[in-house]
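Asker: 3D model of this:
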Amino acid sequence: MASKYRKGEPYISVIDVIECILDGRPLYWRHKVQTSGWMLSQRLNVLYYETENGVFARAILKETGDEGP
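Answerer: Next comes the predicted model:
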């Protein structure tokens with residue numbers, strides 16, 4: 001899955017991270033692309049602190065330059 005995506009700008013708001021997950025879009029968690037299904041199992045406090053530390057970033061499709069599906 002990671003080969004289809006490149007790392008985009010980091011998320012600065014936990015609300016944006018949660019919206020991305022609920023919309024079904026993949027995102028980068030540190031150096032790896034994670035699916036929204038896997039991210040739904042994470043606790044809110046983990047999402048909050050990881051966002052504050054700048055570890056989440058947008059996953060951009062290499063072919064189109066758009067964010068994931």
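Asker: Need phi/psi at the residue most central in space within the chain.
Answerer: By CA atoms, centre = their mean, the mean C-alpha position of the chain lies nearest to residue 27, the distance being 2.2 Å. For residue 27, the backbone dihedrals (degrees, to the nearest 10) come out as phi -150, psi 160.
Asker: Tell me which residues touch it, please.
Answerer: Residues near residue 27 by CB atoms under 8 Å, 6 or more residues apart in numbering: 11, 17, 20-21, 33-34, 36, 39, 56-59, 68. Bear in mind the C-beta positions are built from the backbone N, C-alpha and C, glycine included.
Asker: The nearest residue to residue 60 once chain neighbours are set aside: neighbour count?
Answerer: In space, and not counting its chain neighbours, residue 60 is closest to residue 8: 4.3 Å by CB to CB, 6 or more residues apart in numbering. A count of nearby residues for residue 8, using other CB atoms under 10 Å, gives 16.
Asker: mind checking how far the helix or strand hosting residue 8 is from the chain centre?
Answerer: For residue 8, the host element (DSSP states H and E) is strand 5-10. Centroid separation for strand 5-10 versus its chain: 9 Å, with CA atoms, centre = their mean, to the nearest Å.
Asker: Quick check: the residue nearest to residue 60 vs residue 43, distance?
Answerer: 24 Å (CB to CB, to the nearest Å).
Asker: And the residue located most distally from the centre of the chain, its phi and psi?
Answerer: Here the centre of the chain is the reference, and by CA atoms, centre = their mean the most remote residue is residue 63, at 18.1 Å. Per-residue torsions, residue 63: phi -70, psi -40 (degrees, to the nearest 10).
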